[in-house]
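K.L.:
With the input below, show me the fold.
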Amino acid sequence: MRSLGRETTPIREPTLIITRRAFTTMLSLTGVAAVAGLSPLRFISDAMIPEAMAQAAAGDVAKPVSLPDMALGPKDAAVTITEYASMTCPHCAAFNEQVFPKIKSEYIDSGKVRYIFREFPLDIKAAAGSMLSRCIANGDAPKYFAVTDMLFRQQNDWVVKNTTETLTRIGKQAGLTQQQVEACLKDQALLDKIAADQKYASDVLKVDSTPTFFINGEKIKGETSFEEFAKKINPLLKS
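P.N.:
Numbering: from 1, shown residues only. Sure, this is the predicted structure:
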């Protein structure tokens with residue numbers, strides 16, 4: 001039985017950041033076996049992190065860095081939840097299916113909570129999924145959440161099977177052409193922004209596993225139950 005509130009997909013130490021070279025290589029390969037041998041991450045040591053960036057505050061969580069936030073709920077909501085997730089993380093997918101709909105129904109749709117989703121890809125396939133979500137949504141937050149939900153629910157298909165072909169099929173289903181999907185997955189600027197935001201989350205906010213949540217700046221690690229979220233949210237709504 002799965003124990004809620006304790007399960008995460010951890011990052012291998014030291015901190016990892018996706019690289020363009022491995023990502024491009026992945027797009028040209030077929031099959032999981034070919035991708036498995038790649039090292040998709042660039043390692044940086046804690047000694048490279050500036051001392052001024054060692055401590056995170058609520059204000060550090062609140063501000064987007066390179067990419068605009070994809071969020072649901074009013075900007076002036078009493079509570080803001082920020083989730084950092086990887087599109088290939090099974091615990092993130094389980095949270096998306098089992099817990100997030102309850103949070104949305106109870107708190108987001110009623111205007112009590114603003115919910116922000118931020119990409120924290122743990123591998124090159126997760127980076128590709130995040131890029132596709134951004135391209136399909138084109139700045140439309142509800143559409144972004146819908147596409148992200150679809151990718152999580154079809155995670156076994158596009159992660160285990162041929163990644164590029166499956167993501168291309170999903171992109172076409174969402175209205176993109178073959179050329180648009182290919183351009184999206186080769187977008188250097190978009191990948192650089194995702195990597196920069198990931199590095200900020202790692203260096204400043206000390207995100208080291210997925211999913212990781214911040215509720216008004218307070219960090220919660222792991223696949224957390226709806227009841228545990230409610231215990232954190234309800235007192236903040238009354239204050």
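K.L.:
where exactly do the strands run in the chain?
P.N.:
With DSSP state E as the criterion, the chain has strands at 9-10, 16-18, 41-43, 70-72, 79-85, 113-119, 209-210, 212-215, 218-221.
K.L.:
any chance of these in a markdown table, with distance to residue 151, mean neighbour count and mean pLDDT too?
P.N.:
Every residue, glycine included, has its C-beta placed from N, CA and C. Below are the strands of the chain laid out as a markdown table (distance: least, C-beta to C-beta, whole Å; neighbours: other C-beta atoms under 10 Å; pLDDT from 0 to 100):
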| stretch | distance to residue 151 | mean neighbour count | mean pLDDT |
| --- | --- | --- | --- |
| strand 9-10 | 15 | 16 | 55 |
| strand 16-18 | 17 | 21 | 44 |
| strand 41-43 | 21 | 15 | 34 |
| strand 70-72 | 13 | 21 | 97 |
| strand 79-85 | 11 | 23 | 97 |
| strand 113-119 | 11 | 22 | 98 |
| strand 209-210 | 14 | 22 | 94 |
| strand 212-215 | 19 | 21 | 96 |
| strand 218-221 | 22 | 15 | 94 |
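K.L.:
can you redo these as a markdown table with distance to residue 236?
P.N.:
Below are the strands of the chain laid out as a markdown table (distance: least, C-beta to C-beta, whole Å):
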| stretch | distance to residue 236 |
| --- | --- |
| strand 9-10 | 27 |
| strand 16-18 | 33 |
| strand 41-43 | 36 |
| strand 70-72 | 17 |
| strand 79-85 | 5 |
| strand 113-119 | 9 |
| strand 209-210 | 24 |
| strand 212-215 | 7 |
| strand 218-221 | 9 |
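K.L.:
Ends of stretch 170-182, what's the gap?
P.N.:
12 Å (C-alpha to C-alpha, to the nearest Å).
K.L.:
in it, what counts as buried?
P.N.:
Buried positions in stretch 170-182, judged by neighbour count with 16 or more other C-beta atoms under 10 Å: 170-171, 174, 176, 180-181.
K.L.:
Quick check: the two most widely separated of those residues?
P.N.:
170 and 180 (12.4 Å; C-beta to C-beta).
K.L.:
pLDDT (mean, whole number) over the longest helix anywhere in the chain?
P.N.:
Identified as the longest helix of the chain according to DSSP state H is helix 188-203. Mean pLDDT, helix 188-203: 94.
K.L.:
Against which helices or strands is it packed?
P.N.:
Under the contact criterion of 3 or more C-beta pairs under 8 Å, 6 or more residues apart in numbering; DSSP states H and E, helix 188-203 touches strand 16-18, helix 20-27, strand 113-119, helix 124-137.
K.L.:
what's the offset of that helix from the middle of its chain?
P.N.:
With C-alpha atoms, centre = their mean, to the nearest Å as the basis, helix 188-203 stands 11 Å off its chain's centre.
K.L.:
Just the C-alphas of that helix, formatted as CSV.
P.N.:
Extracted C-alpha coordinates of helix 188-203, given in CSV (Å, rounded to 0.1, in the frame of the first residue of the first chain):
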residue,chain,number,x,y,z
GLN,A,188,16.8,26.0,-27.6
ALA,A,189,15.4,29.1,-25.8
LEU,A,190,12.6,27.3,-24.2
LEU,A,191,14.8,24.5,-22.9
ASP,A,192,17.3,27.1,-21.6
LYS,A,193,14.5,28.8,-19.6
ILE,A,194,13.2,25.5,-18.1
ALA,A,195,16.8,24.6,-17.1
ALA,A,196,17.3,28.1,-15.6
ASP,A,197,14.1,27.8,-13.6
GLN,A,198,15.1,24.3,-12.4
LYS,A,199,18.5,25.6,-11.3
TYR,A,200,16.9,28.4,-9.4
ALA,A,201,14.5,26.0,-7.6
SER,A,202,17.4,23.7,-6.7
ASP,A,203,19.9,26.4,-5.6
